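A.B. asks: Give me the fold of what follows.
(one chain, ligands or ions: 2)
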Amino acid sequence: MASLNHSAYLLRGSADSPLLRPTYTKTPARFFYHPPIQQLPRSSPLRSFSDMSSQTPAPAVSTVTISYTELKDPSADISEKIELGFGPNGLGILSISDVPGYPSLRQHLLHLAPRLASLPEEVKCELEDPNSRYNIGWSHGKEKLESGKPDLLKGSFYANPILDIPTTEISLVKRYPSYCGPNMWPRHALPELEPAFKALGKLILDVGLLLARHCDRYASNGSKLHKDGSLQQILLRSRCHKGRLLYYFPSLYCISTEDDETVSSWCGWHTDHGSLTGLTCGMFTRDAVELPCPDSAAGLYVKTRSGQIVKVVYGEDEIAYQIGETTEILSRGQLCATPHCVRAPKGEAAFGVERSTFALFMQPDWDEKLIFPESMNIHEFSTPNGSISFGDYTEKVLDKYYDLEA
Ligand SMILES: O=C(O)CCC(=O)C(=O)O
Ligand SMILES: [Fe+2]
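C.D. replies: Ligands and ions are numbered 1, 2, ... in the order given. As a prediction, the model looks like this:
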């Protein structure tokens, strides 16, 4: 079973397993709408999928950064930066600096990830929710890699940081269990988790809403306005936002220094499914004590518009945001989603190193009608009249890529 928030996990190749030879013929999940791509010059030092296992490391590229002061000024025109980050030629990720209160909320929540992961198995078992396909509460080894093997590399804890009970309507909980089911918190075993998760989730949402307003402004500067409302309005009225606390277990294979390990050794290539994802900078620890990452090649990678792989770098006190597939479609490609993955550290110094991070998937309400361009063939299913609710759309994606008997 894979995460509802990242349908594309299902498309990742066997490259996900550090034990298997990487195959790069698979493309990460993308819709069939492709914005114009600016080709990098032939002499570009960036590498493509086909040469990712060569000796040359992928280049590290810093995100476009917007300060919180600029972001919260409604009269500031930061369309240029939005275009640089999210536009057809951007990296697909940008970061927000100087958000008041953010560094301590990040520290606090991320330190809870290893503690959650090390709770007794029976406690974590009680936090599992098969009904939501493990999209509420604890999930470990439930997502399936395309190789068919369970993904044991990371554990996740999912909750809606805004609404504990998104709806009480039984029919809706049955129809959209991963969005409509109630949160499950380890109130006895780890009582600090709930307030820390909610506080960070709310802050990332608030900053995301400010960013969404600027995205709308950028998109309306071009001629292709969303037909069905602005990104900010869609996110404001949604009851579907989902937080995911991720804990990457220390790899037993990390002592390997061989270069045949894939760039997606910790988290496979995928594109987020929703509207906008807020992402903390990953925290590396050993036995829960924070340490600088022992391998500069480890961390988040993205695939650029021209299909090349770069490592993305942003400050630990910055919040990164990525566009999801739904926004790419609704904005007709003005705002582009970005395939990304996570590379595990290698070498002896990486032994026992774990990584914690938090993602907030901001997405439309299950009831939100999405108007897709009629000409599009989305995930190979057609949308009647080009219109579908986000909840049904998600289910269709899941039906295609996930075990139906989940
Ligand atoms: O671990 C990370 O930095 C990225 C996680 C991610 O992409 C996701 O959960 O969708
Ligand atoms: Fe992601």
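A.B. asks: shouldn't Ala60 be in contact with Val310?
C.D. replies: Yes: between Ala60 and Val310 a contact is recorded at 7.1 Å, counting by Cβ atoms under 8 Å. Backbone N, C-alpha and C define where each C-beta goes, glycine included.
A.B. asks: Out of those two, name the residue with the larger neighbour count.
C.D. replies: More crowded of Ala60 and Val310, by other Cβ atoms under 10 Å: Val310, with 18 against 13.
A.B. asks: what are the bridge partners for that one, then?
C.D. replies: With DSSP bridges applied, Val310 shows beta-bridge pairing to Val302.
A.B. asks: Return the distance of it relative to Lys303.
C.D. replies: 8 Å (Cβ to Cβ, to the nearest Å).
A.B. asks: Which element, helix or strand, includes the residue nearest to Cys125 when sequence neighbours are not counted?
C.D. replies: Of all residues not flanking Cys125 in the chain, Trp138 sits nearest, at 7.9 Å (Cβ to Cβ, 6 or more residues apart in numbering). Assigned by DSSP states H and E, Trp138 belongs to strand 137-140.
A.B. asks: Partner strands of that strand, with direction?
C.D. replies: By DSSP bridges, strand 137-140 pairs with strand 154-159 (antiparallel).
A.B. asks: Now do the following helix or strand past the strand it pairs with, average pLDDT.
C.D. replies: Using DSSP H and E, the helix or strand that directly follows strand 154-159 along the chain is helix 170-175. Mean pLDDT, computed over helix 170-175, is 96.
A.B. asks: Which positions in helix 170-175 come out as buried?
C.D. replies: 172-173 (16 or more other Cβ atoms under 10 Å).
A.B. asks: Can you list the neighbours in contact with it?
C.D. replies: The contact list for helix 170-175, computed with Cβ atoms under 8 Å, 6 or more residues apart in numbering, reads 167, 180-181, 366, 391, 395.
A.B. asks: Leaving out sequence neighbours, find the closest residue to Pro294.
C.D. replies: Nearest residue to Pro294 in three dimensions, chain neighbours excluded: Ala349, at 3.7 Å (Cβ to Cβ, 6+ apart).
A.B. asks: Surely the one you found and Ser296 touch.
C.D. replies: No: the criterion here is Cβ under 8 Å, and Ala349 misses it with Ser296 at 11.2 Å.
A.B. asks: and these two? which has more neighbours close in?
C.D. replies: Just comparing Ala349 and Ser296: by other Cβ under 10 Å the higher neighbour count belongs to Ala349, 15 against 12.
A.B. asks: Mind checking what helix or strand follows the helix or strand hosting Ser95 in sequence?
C.D. replies: Per DSSP H and E, Ser95 falls inside strand 93-97. Using DSSP H and E, the helix or strand that follows strand 93-97 in sequence is helix 102-117.
A.B. asks: What about the residue nearest to Cys125, how many residues nearby?
C.D. replies: Look at Trp138: counted by other Cβ under 10 Å, it has 23 neighbours.
A.B. asks: Thr168 now?
C.D. replies: 9.
A.B. asks: Could you confirm Trp366 falls within a helix?
C.D. replies: No: assigned with DSSP: H, G, I helix; E, B strand; the rest coil, Trp366 falls outside any helix and is coil.
A.B. asks: For it, list the residues it contacts.
C.D. replies: Per Cβ under 8 Å, 6+ apart, neighbours of Trp366: 172, 176, 179-180, 239-240, 389-391, 394.
A.B. asks: Not counting sequence-adjacent ones, nearest residue to Thr277?
C.D. replies: Gln322 (4.7 Å).
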